[in-house]
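Peer 1: Show me the folded form of this:
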Amino acid sequence: MEMEKLSNGHGAAMPMDEEVPQEDQLFLEHKSRPTKTTQFTDFEGKTSLGMSVFNLSNAIMGSGILGLSYAMSNTGIVLFLVLLICIACLSSYSIHLLLRSAGVVGIRAYEHLGMRAFGHPGKIIAAVVITLHNIGAMSSYLFIVKSELPLVIQAFLGQTSGSDDWYMNGNYLIIIVTACIILPLALMKHLGYLGYTSGFSLSCMVFFLSAVIYKRFHIFCPLELFGNYSVSTEPSGDMCTTTFFTINQETAYAIPILAFAFVCHPEVLPIYTELRNPTKRRMQSIGNISILGMFTMYFLTAIFGYLTFYQNTEAELLHTYSKVDPLDTLILCVRLAVLVAVTLTVPVVLFPIRRALQQLLFPGKAFHWVRHIVIALCLLCVVNLLVILVPNIRDIFGITGATTAPSLIFILPGLFYIRIIPTEQEPMNSRPKIQAACFAALGFIFMTMSLTFIGIDWTSGEKRSLGGH
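Peer 2: Numbering: from 1, shown residues only. Below is the predicted model:
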């Protein structure tokens, strides 16, 4: 009955000359014989719910957490909280749309949803969007390693200034980190195996949050700043005042920071695929738990960081602490923890890119170790070359982030839902499909807004960071 509905459904029909993917056959077999465990194309899912939560939470957690206090300083506590709640709920709804679409047709790959919704062009678009977004995310993480790791080494060695030694060169360091840490983890066969490293990465960010809370009660406003940091320490009416609702020129830049803070959608279906006893409700619970956990960390980090520095908060929170006391041992350890966290996140982000490329270039092929390793090596080489050769790719990342993030969160899930869910189940004028259409339209609004901000930056000559994942 389900396949009959699909054959009549709007946009869900499959061309007669295209054979049903193995995933669909196995899914339908599962539907007809409920006692059999769901099988996928290359392996049986064995990842526990807890490990899946760690992996998805790690995929959500990004370098953008360092800019949330700055966002709060330009929105106020109340407006920031309202925006954060709205975006967390929208992200959870987006996961619901993906799982609902995947459940109807028995597909666990983002690219296959694109194929079912729009044919081969949809598959290509989905794969390209995932690849561009995650390459940008991986590069941003390695840029943090490139810029911060030499400073951490310098502080541990007790040096007051940089040197020409090779171990102080960020380009050499990212190659070493990639070869010794990232590559071995990226060669794991299954994403579920990274649950342990994801858990450790999240522990590092919890340590970062603990330090932010601790410092709130040991740094007092007005700040006593060290070094040559040129900021007035004289008390003023605004410097140490808590604001609950603020609208200024920078407020508009805070919205993309928050909007992109919950980007995890390329990882949702791969994690779903590897989940033990996969069901839509079980995976939605994983998404909700992960989003709630990250929402809590985001808000606590933002409010305690903001209540420490108020209007002196910089776009990168750790820089603000270093300007107060560059020799602070606790902040040095926090920097190291953040470096560990972003390094361990790179392999998690790499898995969806490899899956997208395999679906695009080698559709229907069984798992092969050589192909698995070669794709990982090529991706890591490309990302390392980007980080090494391009001195400032913030504008490139800004463009890709302004286009791919709204596409992954809003536009594609909404369009997939509209095209894949049969009209016999939900007509086009039904409330769920109208909501999905509005959701996709919201993505276009975010994309237009973000591109407009970048255009204003380029024309005015001011380079503001939009934050990001």
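
Peer 1: CA only for contacts and neighbour counts going forward, please
Peer 2: Fine.

Peer 1: Return the backbone torsion pair for residue 47.
Peer 2: phi -80, psi 130 (degrees, to the nearest 10).

Peer 1: likewise residue 275?
Peer 2: phi -70, psi 140.

Peer 1: for it, what are its contacts?
Peer 2: By C-alpha atoms under 8 Å, 6 or more residues apart in numbering, the contact set of residue 275 is 45-49, 52, 192, 283.

Peer 1: quick one: low-confidence ranges for this protein?
Peer 2: Within the chain, the segments meeting pLDDT under 70 span 1-45, 63, 107-108, 160-163, 222-238, 249, 252-253, 391-398, 457, 461-469.

Peer 1: tell me which residues of the lengthiest helix in it are tucked away?
Peer 2: Ranked by number of residues, the top helix in the chain under DSSP state H is helix 120-156. By neighbour count on 16 or more other C-alpha atoms under 10 Å, the buried set for helix 120-156 is 122-146, 148-155.

Peer 1: repeat for stretch 370-377
Peer 2: For stretch 370-377, by 16+ other C-alpha under 10 Å, it's 372-373, 375-376.

Peer 1: picking that back up, could you redo the contacts of residue 275 as CSV and give each row distance to residue 399?
Peer 2: Formatted as CSV, those follow (distance: C-alpha to C-alpha, whole Å):
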residue, distance to residue 399
45, 36
46, 38
47, 35
48, 37
49, 35
52, 31
192, 31
283, 31
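
Peer 1: Among those, which ones are in helices?
Peer 2: Short answer: these in helices (DSSP H) are 49, 52, 283.

Peer 1: Highest neighbour count among those residues?
Peer 2: residue 52 (27 neighbours; other C-alpha atoms under 10 Å).

Peer 1: got a list of what that residue touches?
Peer 2: Counting by C-alpha under 8 Å, 6+ apart, residue 52 has contacts 192, 195, 271, 275, 286.

Peer 1: between those residues, which is nearest residue 339?
Peer 2: Lowest distance from residue 339 to these (C-alpha to C-alpha) belongs to residue 195, with 18.1 Å.

Peer 1: give me the number of residues near that closest one?
Peer 2: If you count neighbours by other C-alpha under 10 Å, residue 195 ends up with 21.

Peer 1: List the buried residues for the helix or strand where it lies?
Peer 2: Element membership of residue 195, judged by DSSP states H and E, is helix 195-216. For helix 195-216, the neighbour count (16+ other C-alpha under 10 Å) marks 195, 197-202, 204-209, 211-213, 215-216 as buried.

Peer 1: Repeat that for stretch 311-325.
Peer 2: Across stretch 311-325, burial judged by 16+ other C-alpha under 10 Å covers 311-324.

Peer 1: What is the helix or strand harbouring residue 360 packed up against?
Peer 2: Following DSSP H and E, the helix or strand that holds residue 360 is helix 329-361. Under the contact criterion of 3 or more C-alpha pairs under 8 Å, 6 or more residues apart in numbering; DSSP states H and E, helix 329-361 touches helix 49-60, helix 110-118, helix 120-156, helix 183-186, helix 195-216, helix 265-273, helix 317-324, helix 369-389.

Peer 1: Output stretch 83-97 as CSV, nothing but the C-alphas.
Peer 2: What follows is stretch 83-97, C-alpha atoms only, in CSV (Å, rounded to 0.1, in the frame of the first residue of the first chain):
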residue,chain,number,x,y,z
LEU,A,83,16.0,34.3,19.5
LEU,A,84,17.8,31.2,20.9
ILE,A,85,14.6,29.5,21.8
CYS,A,86,13.0,30.2,18.4
ILE,A,87,16.0,28.9,16.5
ALA,A,88,16.4,25.8,18.7
CYS,A,89,12.7,25.0,18.0
LEU,A,90,13.1,25.6,14.3
SER,A,91,16.1,23.3,14.2
SER,A,92,14.1,20.5,16.0
TYR,A,93,11.3,21.0,13.5
SER,A,94,13.7,20.7,10.6
ILE,A,95,14.9,17.4,12.0
HIS,A,96,11.3,16.3,12.2
LEU,A,97,10.8,17.1,8.5
